[in-house]
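Peer 1: here you go, sequence then predicted model.
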Amino acid sequence: GSSTTTTTTDTTTDTTTTVTPVSAALTVGNDEVVGTTGADSISGARVDTVGTWNSGDTIAAGAGTDTLTATLTGNITPADGAITGVENLVVTNLAGGAATITFSTATVSGIAGVTSISNVGSNATNDLVLTRVLDNASISLNNTAGDTTVTFADTALAGTADTLVLNVNGNTGAVNIGDSTGGGDAFETVTINTSGALSTFSAANLDATATTVNVTGSGALDIDGAAAFAKLATFNGASATGDIDVQIAGDTVTGATNTKVITTGSGADLITVSALDPATVGAVSVDAGAGNDTVVIGARGATDYTIAGGDGTDILSVGAVAAVALHSGVSGFEKLYVTAGQAQDLLQYTGSNTFTTLRSDAASVDFSNASAAALTLELTANAATLASVARAVDGAADSLTVKTTAANTATTLTVDDEETLVFNTATTLT
């Protein structure tokens, strides 16, 4: 007999398909762009003075992380379903006035899927309005002097843990961000990332529901043009290295036990909490961190207030007569500025403070029980009638420097137990 053996070999060939992303330039007419699964880029630059991103354009960018960069010369109102798959939208308004991009209406979804929106270089006459954004996109404002208004569709912020991510670099225009039922509403957390040049704007239109505010980055941030964050529980700027100026609004949370915890980083920060009424809040904690900081408490304070200046040469600004009941939780300050409150017995500040500069910015202030350190007394233009300084212990070589502004009209200065007096009429007080 005989036998036959048959051998079968299977061969599999792997094929790799390389996707070439689309790089498309829009024209002044109505364009149709179809993207790929790659990182497509679509340019809507101006041709002379005419914009190339028009309301009649359709863009289906597809999968991948895709970017539309456009210069606006007028309003944009896409048709239903016209712009999809574009994750990054970068715009500059050169319309010569306000320009509006309408993402959606109650019945039309014109632009969907955008996760990042940047306003770049729009000047003071060119405000940008973004209407009914369908997705909770981050907002970036880069070297922008025009106002930026963003309303999100209510459905984008319907959750209980919605976060606004706001990236700023050199923004000086007003900022108004909220949902379609009213500016500054529906965000539980606001995170502001700073870089580059100083950004300055009021935060009042970011704050209606935010309970947590985070600030990070190296750029300086001045948002104290108006009191903000009325529902605040936590303001965390501990990691920031740029200066932070912020003014906390009076509390609007129901009840009187909610706490406020405010921390800033290594910049020269300005923290104003004078609007917080101890009768309507629980404990208040302020830690200004490193840097030469200023904390303004005004006439406020309570035994459950902990106000720490931190490292650096820090200023405490008060507007009430010194009292343990108000000021026992104050520590780490080197300068005391008084805007009201005649009697400033420094022993009432029972925390670890070393006040070496005392400033009177009120009509009449008496400083008593000052430390043995060399002192500087500053009298501003508002210190109009009298001021006095007395030490807690009469030393053998006490020295006091008195500095005034050119406009100061103080008529009576009483100084006890000083061996050396130096008068400095410099117009700039530090």
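Peer 2: Everything's here; your move.

Peer 1: for the helix or strand of the chain with the lowest mean pLDDT, list every residue counted as buried.
Peer 2: Ranking every helix and strand in the chain by mean pLDDT, DSSP states H and E puts strand 412-415 at the bottom, with a mean of 86. Neighbour counts over strand 412-415 (16 or more other CB atoms under 10 Å) mark Leu413, Val415 as buried. Just so you know, the C-beta spots here come from the backbone N, C-alpha and C atoms, and that holds for glycine as well.

Peer 1: partner strands of it, with direction?
Peer 2: strand 386-391 (parallel) (DSSP bridges).

Peer 1: right, and the helix or strand after the strand it pairs with?
Peer 2: strand 399-404 (DSSP states H and E).

Peer 1: residues of that following strand that come out buried?
Peer 2: Along strand 399-404, the positions that meet the burial threshold by neighbour count (16+ other CB under 10 Å) are Leu400, Val402, Lys403, Thr404.

Peer 1: picking that back up, other SSEs contacting whichever helix or strand comes after the least confident helix or strand of the chain?
Peer 2: Counting by DSSP H and E, the element after strand 412-415 in chain order, helix or strand, is strand 420-424. Based on contacts counted as 3 or more CB pairs under 8 Å, 6 or more residues apart in numbering; DSSP states H and E, the elements that strand 420-424 packs against are strand 399-404.

Peer 1: residue contacts, Gly38?
Peer 2: If you count contacts by CB atoms under 8 Å, 6 or more residues apart in numbering, Gly38 has them with Val19, Thr20, Pro21, Val22, Gly64.

Peer 1: what about Gly265, distance to Ile248?
Peer 2: Counting by CB to CB, to the nearest Å, the gap between Gly265 and Ile248 amounts to 17 Å.

Peer 1: thinking again about what came up before, show me which of the contacts of Gly38 are buried.
Peer 2: Burial by neighbour count, 16+ other CB under 10 Å: within the contacts of Gly38 this picks out Pro21, Val22, Gly64.

Peer 1: now the two most distant members of the contacts of Gly38.
Peer 2: Every pair in the contacts of Gly38 was compared (CB to CB); the two farthest apart turn out to be Thr20 and Gly64, at 11.5 Å.

Peer 1: pLDDT averaged over the helix or strand hosting Ser317, what's the number?
Peer 2: Remark: Ser317 resides in strand 315-318, with elements defined by DSSP H and E. Strand 315-318 shows a mean pLDDT of 98.

Peer 1: ok, and what's touching that strand?
Peer 2: 292-299, 301, 307, 309, 327, 330, 333-339, 341, 344, 353.
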